[in-house]
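Participant: Generate coordinates for the sequence data below:
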Amino acid sequence: MKTLSRHFPNLLTLGNVISGCIGLHYAAQGQLREAAYALAAGLVFDFLDGAAARLLRAESAIGKPLDSLADMVSFGALPAMLWYVQMAGHTPVRQPWWAHMAWFIAAAAALRLAKFTIDQNQQEHFSGVPTPAVALLVASSAWWQAPDWVWQPWVAGSLAIALAALMLLNRPFLSFKFKTLRPSHEANPWRYGLLLGSLMLLAGGGLAWIPAIFVLYLTLSVIALKR
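Facilitator: Predicted structure coming up:
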């Protein structure tokens, strides 16, 4: 039982890996919503593995690098594939290279996760936009009712580069690693405000409103963590 409890968080992390792989399969088949649901499952596993490690006091040397590797699959490769599939569907046959700009998302996620693995300071705040936030934004595109011009190569390619840049941006962004649940503690009012605003947007507009939540997250992070 002790051995199981020690390895249980890592098993949850592997659930994140498997979710990402399933999502890649669906994305390659053009089943974007199924891929997005798999990404969401990976996010759940990503939350649970950290919570289980703290609850069971089973944090290990392999835990953090394994978590980053799992995140690279679910929140790096999978959102890049989702973006690539949608770009490829709108890219002129004579210009296929445009769609490959989607892979900037995966490259930036890899670099960001590598930096996160060795950076011991990213506890209460993140340096750069976290990969799960970008991944959720990309996954929500499966529900967008966007006009065709959004998927024109130069627009979608520019958006991919912008998302990559946000992940590598050298400024703090809010995290949800609470030191205490007290509403008055440091940045907690902004965290609770983000949670409340997100719930209201989801209740009013559904998953297609995740871009609005993403903008709200960026805005509150800038206001709360002024340099």
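Participant: Name the helix or strand of the protein that has the lowest mean pLDDT.
Facilitator: strand 125-127 (a mean of 84; mean pLDDT, DSSP states H and E).
Participant: list the helices and strands the host helix or strand of residue 27 packs on?
Facilitator: Take DSSP states H and E as the rule and residue 27 turns out to sit in helix 2-28. Other elements packing on helix 2-28 under the criterion 3 or more CB pairs under 8 Å, 6 or more residues apart in numbering; DSSP states H and E are helix 32-56, helix 63-72, helix 78-90. Every residue, glycine included, has its C-beta placed from N, CA and C.
Participant: Could you tell me how far that helix lies from the centre of the chain?
Facilitator: Computed by CA atoms, centre = their mean, to the nearest Å, the chain-centroid distance of helix 2-28 equals 16 Å.
Participant: What lies in contact with the least confident helix or strand of the chain?
Facilitator: 115, 119, 121, 170, 171, 172, 173, 174, 175, 187, 225 (CB atoms under 8 Å, 6 or more residues apart in numbering).
Participant: mind redoing it with 7 Å?
Facilitator: Strand 125-127 has contacts (CB atoms under 7 Å, 6 or more residues apart in numbering) with 119, 170, 172, 173, 174, 175, 225.
Participant: which parts of the helix or strand following that strand are buried?
Facilitator: Per DSSP H and E, the first helix or strand lying C-terminal to strand 125-127 is helix 131-139. Buried residues in helix 131-139, counted by 16 or more other CB atoms under 10 Å: 131, 132, 133, 134, 135, 136, 137, 138, 139.
Participant: While we're on the last one, how confident is the model there?
Facilitator: Spelled out, that is residue 139. Note for residue 139: predicted pLDDT of 96.
Participant: gap between the closest residue to residue 208 other than its chain neighbours and residue 205?
Facilitator: Sequence neighbours aside, residue 143 is the residue nearest to residue 208 in space, at 4.3 Å (criterion: CB to CB, 6 or more residues apart in numbering). Distance of residue 143 to residue 205, given as CB to CB, to the nearest Å: 10 Å.
Participant: Distance-wise, check the spatially most central residue of the chain relative to residue 52.
Facilitator: Using CA atoms, centre = their mean, the residue of the chain that lies closest to the mean C-alpha position is residue 132, 1.4 Å off. Residue 132 sits 17 Å away from residue 52, going by CB to CB.
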